[in-house]
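3D model of this:
(chains A and B)
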Amino acid sequence: MQIKRAWRVLQRHWTVYTKLYKSSFALNFIEPVLYLVAMGMGLGVFVQDINGQPYIKFIGPGIIASSSMFAAVYECTYGTYIRMTFQRTFDAILATPVNLDDLIAAELAWAAVKSVIYGLTIMLVVALFGLVDSPLLLLAVPVIFLCGLIFAEVSMITTALVPGIDSFSYFYTLFMTPLFLFSGVFFPVETLPSAVAGIAWFTPLYHLVNICRAFAAGHVDHVFGSIVWIVVVAAALAPVPFRLMRRRVIQ
Amino acid sequence: MDIVSAQKLSKEYGIVKAVDGIDFAIAPGECFGFLGPNGAGKTTVMRIISCFLPPTSGTVTVFGTDVTREPSAIKARLGVMPQEDNLDPDLSLFENLIVYARYFDIPKKKSVPIADELLTFVELQDRGRMNIKELSGGMKRRLLLARSLVNSPEILILDEPTTGLDPHSRRAVWEKLNKLKFNNTTLLLTTHYMEEAERLCDRVAIMDSGRIITIDTPQNLMLLHGGNLEDVYLKLTGRNLAD
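Model (predicted):
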């Protein structure tokens, strides 16, 4: 892998993104706003304060984390798959000095960048709702990048293995939806039976939600362990998507 | 010295032998064609030469370097025109060329005049701002040709450059390729059109089931075996090229 060659691919993604974002950018806001209004303002009326926070304030940082997660996951499932198969963008790029490892590194990095773009956007929305107490939340940005990398790696592994684009629905239904629901975005996982709550510790979203929630409230309790978790897992998973994509693309 | 050469080259996919122990050598400035029906192994050979697939056994050298050793350095000097459209559908014609040039480390200051020049070369100069989706098949093919030339390649690899084109567009592509040949670019192409091989190639390798049956000039082949290349093919393989 060579940074400069991976950078060329990142530049391509940026060029395409900046050309198209005008038509889709507004959509980025809509989903989190819907969650905040429906869950925070609607359901929240019937929910008691959680750890001394009104419900809408509790879910705000969770929505930031989950939106950044979905941004990376979409990019390295549908996005990568379409570039690899239907558009044959991979073939086009691999005919240049860029090699497969450079290309995969760029796909992963781009997904992490998109996590940050979405994370920052939703941070702005949540802040506009008046749900952020501390500018410390901005410290979450590099963590969102790293966690985006984990989501990108897991998604890329899936993309390397699926027989066809329809198979992604299994990944979303069986993996992403439970992750979204049981990682502490909408309620503290401690509410669940301890065996179930224990599983949450093994998921990246749980840690990202923890960090965003602590930083938004202006404290750093239990944050250190979660950051270490994210760094270690991001590094440990890294070789797998490269190996599997080599097997998929170069026969 | 040969610009491309292969010794005992084989490529297997599981138990299928796509390429079965072939040898060939191509001289600089030559136009060399791989002729054969679908499934003969032509595309696989092209993909190995363009450092996309590693050989199962045997060696292939391009510019004197083994393809498995320094793929990036080799690819920097190659142009590849693929069989299927892999243009960036979200970008304009012009942007497609600029983005592609960037992979070769060509800065924008240089790639803009190159893109203009190449669009003129393939007669798409008035459509630079258009969307890829608005192009006909023939125009896409011409743009793919232009894109394969952004790095002024010493070898141009063309996988069925005119398959699926109408006679008019086909002649337009041939005309461009003849110009490149005249400028001493080495051309490697696969085709199953006899007329294409006769018009463009200095030598052709006739392939069948992963093997090279013979390598010679089209003229010699026709002289030796009589008739046109179509008849030569039938005589050598016992099969029709269209099969």
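
neighbours of residue B:173, how many?
Burial of residue B:173 is recorded as 22 neighbouring residues (other Cβ atoms under 10 Å in any protein chain shown). C-beta: built from backbone N, CA, C; applies to glycine.

looks like it contacts residue B:145 (just checking).
Yes - between residue B:173 and residue B:145 there is a contact under Cβ atoms under 8 Å: 6.7 Å.

what touches both of these two?
residue B:161 (Cβ atoms under 8 Å, 6 or more residues apart in numbering or on different chains).

now for chain B, the helix or strand with the poorest mean pLDDT.
Every helix and strand in chain B was compared by mean pLDDT, DSSP states H and E; the lowest is helix B:229-237, with a mean of 75.

got the residues of chain B near chain A?
Neighbours of chain A within chain B, by Cβ under 8 Å from any Cβ of the partner chain: B:13, B:50, B:52-54, B:71-73, B:75-76, B:78, B:80, B:82, B:84-91, B:95, B:99-100, B:102-105, B:148, B:151.

just those: which are in helices?
Residues of the residues of chain B next to chain A located in helices (DSSP state H): B:71-73, B:75, B:95, B:99-100, B:102-103, B:148.

show me which of those residues are buried.
Neighbour-count burial (16 or more other Cβ atoms under 10 Å in any protein chain shown) applied to these gives B:71, B:75, B:95, B:99-100, B:102-103, B:148.

sorry, back to before: need the ones in helices among the residues of chain B next to chain A in JSON lines (columns: pLDDT and distance to residue A:226).
Listed next are those as JSON lines, based on pLDDT from 0 to 100; distance: Cβ to Cβ, whole Å:
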{"residue": "B:71", "pLDDT": "96", "distance to residue A:226": "40"}
{"residue": "B:72", "pLDDT": "97", "distance to residue A:226": "39"}
{"residue": "B:73", "pLDDT": "97", "distance to residue A:226": "44"}
{"residue": "B:75", "pLDDT": "98", "distance to residue A:226": "42"}
{"residue": "B:95", "pLDDT": "97", "distance to residue A:226": "41"}
{"residue": "B:99", "pLDDT": "97", "distance to residue A:226": "38"}
{"residue": "B:100", "pLDDT": "98", "distance to residue A:226": "42"}
{"residue": "B:102", "pLDDT": "97", "distance to residue A:226": "38"}
{"residue": "B:103", "pLDDT": "98", "distance to residue A:226": "38"}
{"residue": "B:148", "pLDDT": "98", "distance to residue A:226": "49"}
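
list the contacts for residue 226?
Assuming you mean chain A. Going by Cβ under 8 Å, 6+ apart, residue A:226 touches A:207-208, A:210-211.

that's the wrong chain, I meant chain B
B:232, B:235.

before we move on, what about residue B:166?
With contacts defined as Cβ under 8 Å, 6+ apart, the neighbours of residue B:166 are residue B:138.

next, give phi and psi for it.
phi -70, psi 160 (degrees, to the nearest 10).

and it, how far from chain A?
23 Å (Cβ to the nearest Cβ, to the nearest Å).

quick one: pLDDT of that residue?
Reported pLDDT at residue B:166 in the predicted model: 87.

the longest helix in chain A is where?
Secondary structure assigned by DSSP H gives helix A:3-35 as the longest helix of chain A.

middle-most residue in the chain, spatially?
Using chain A. Nearest to the geometric centre of chain A sits residue A:69, at 1.8 Å (Cα atoms, centre = their mean).

correction: the question concerned chain B.
In chain B, the centroid-proximal residue (Cα atoms, centre = their mean) is residue B:158; its distance is 1.5 Å.

that's a strand at that one, yeah?
Yes - counting by DSSP: H, G, I helix; E, B strand; the rest coil, residue B:158 is located in a strand.

number of nearby residues for residue A:42?
12.

quick one: pLDDT of it?
pLDDT for residue A:42: 91.

same deal with residue B:50?
What the model reports for residue B:50 is a pLDDT of 96.

roughly how far apart are it and residue A:124?
Distance of residue B:50 to residue A:124, computed by Cβ to Cβ, to the nearest Å: 46 Å.

and for residue B:41?
Residue B:41 sits 56 Å away from residue A:124, going by Cβ to Cβ.

neighbour count winner among the two?
More crowded of residue B:41 and residue A:124, by other Cβ under 10 Å: residue B:41, with 25 against 13.

just give the nearest non-adjacent residue to residue B:154, would you?
Closest residue to residue B:154 apart from its sequence neighbours, by Cβ to Cβ, 6 or more residues apart in numbering or on different chains: residue B:77 at 5.0 Å.

helices of the stretch 151-251 of chain A, start to end?
Here the stretch 151-251 of chain A has its helices, by DSSP state H, counting those that start in this stretch, at A:168-171, A:177-181, A:194-200, A:204-217, A:223-237, A:239-249.
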